[in-house]
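Engineer: Give me coordinates for this.
(one chain, ligands or ions: 1)
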Amino acid sequence: MGVRASTRAGALVSPGRRPLIAGNWKMYRGGAAGCELADAVRRAVAPGARAEVVVAPPFTALAAVAETVRGATIGVAGQSLHPGTEGAFTGEVSGPMLVECGATWVIVGHSERRQLFGETDANVQAKVAAAAACELVPIACVGETLAEREAGRTLEVVSRQLAAILAADRAGVSLVVAYEPVWAIGTGRVAGPDQAEEVHAALRVQLERHDPALAAATRILYGGSVKPENAAGLLACPNVDGALVGGASLDAAAFAAIVAAAEPG
Ligand code: PGA
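Structural biologist: Below you'll find the model as predicted:
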C-alpha cells in the first residue's frame, strides 16, 4: 500500500492557510430535509470557528439552503456543473445557474462523477475553467483507486489529474484541491495521517513547480471516511488544509465536531 514520494514538503508549509471543511451531501437531503440540515449545521458550528465551512447540497436544495445559511458565514457549493453556460443539455446545470442559486463554490471531478458518469481529466479541466469563469471557486478532486494504489501508481495518477486541473484557465480565481482516495470514500477505511500527508506533500510540490504563490495559497483537503474520531489527526498534518466530508456531513453534530477539530490543539 506504500507510495514513494520524493518531496520536500516541510519547506512548503504555510501556516497562513485557513482550514476549510466542506460537506458533500451527495444525493441526500434535497428540499425541506436540506434546509433542516443546513439550519442544524448553522446552529451547531461555532460562529468564530477557525475553519471556513461549506456545504454542498443537491441542486434542488441549493437556493433554499443558501437562503437558510445567509449571514452565517457558511458557503454553499454545487456538486458539479456543466462546462457551458446554457444550451440543449438535458439534465445539466451550468455555473451561472449555480451562482443564481447563491453558490460560491463547486465540487469538480469527484471520483463518483469520474467513475459512475464517465468524467475524464479533459472534462474536469473544462469544468474548472467554467467554474472560474463565473467566479465559483472549484474544489477539484483527485484520487487513486485501490488497484492503482496497490500497483504503486498513486502519485502518478493524482499528478496526472492535478496537471489537468492546473492546465485550466482560472482567470485568477483561487483553487481548492481535494485528495480523495477512492478506496476510502464511503468505506470507513480512512487513509492514515501518514498516507494522506505523503500524497498531499507530493501535490504541494507539484503546485509549487507550477506556481509558488498558488502552492502557498491553495488548500489541499483530504476526503474519504473523515469522521469526528479521525479528523484531528488528519488535520494536524502540515499539508492537510481541511476536509471534504461525505457521510459525516449529513449529521450536523458530527460535521460540527469535524469543524471543531480544526481548532488549534
Ligand atoms: P465519505 O465521502 O466521507 O462518505 O467517505 C467523501 C466524499 O465522497 O467526498
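Engineer: drop to CA atoms for contacts and neighbour counts, all remaining ones
Structural biologist: OK.
Engineer: How about the helix or strand that contains residue 194, which residues are buried there?
Structural biologist: Secondary structure from DSSP states H and E places residue 194 in helix 193-210. For helix 193-210, burial by neighbour count (16 or more other C-alpha atoms under 10 Å) applies to 193, 196-207.
Engineer: Ok, stretch 140-149 next?
Structural biologist: Neighbour counts over stretch 140-149 (16+ other C-alpha under 10 Å) mark 140, 141, 142, 143, 144, 145, 146, 148, 149 as buried.
Engineer: Name the nearest of these relative to the ligand.
Structural biologist: residue 141 (8.7 Å; C-alpha to the nearest ligand atom).
Engineer: need the next SSE after the host helix or strand of the closest one, C-terminal direction.
Structural biologist: Under the criterion of DSSP H and E, residue 141 resides in strand 137-142. Going down the chain from strand 137-142, the next helix or strand is helix 146-150, by DSSP H and E.
Engineer: Alpha carbons of that following helix, as CSV, please.
Structural biologist: Output in CSV follows, covering the C-alpha atoms of helix 146-150 (Å, rounded to 0.1, in the frame of the first residue of the first chain):
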residue,chain,number,x,y,z
LEU,A,146,-7.4,0.7,-4.7
ALA,A,147,-6.0,-1.2,-7.8
GLU,A,148,-3.9,1.9,-8.7
ARG,A,149,-2.6,2.2,-5.1
GLU,A,150,-1.7,-1.5,-4.9
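Engineer: Distance from the chain centre to it, please.
Structural biologist: Relative to the chain's own centre, helix 146-150 is displaced by 21 Å; criterion: C-alpha atoms, centre = their mean, to the nearest Å.
Engineer: Please apply the same query to stretch 239-249.
Structural biologist: 7 Å.
Engineer: now the residue in the stretch 1-150 of the chain that the ligand sits nearest to: how far from residue 150?
Structural biologist: Proximity of the stretch 1-150 of the chain to the ligand (C-alpha to the nearest ligand atom) peaks at residue 24, 5.5 Å away. Distance of residue 24 to residue 150, given as C-alpha to C-alpha, to the nearest Å: 27 Å.
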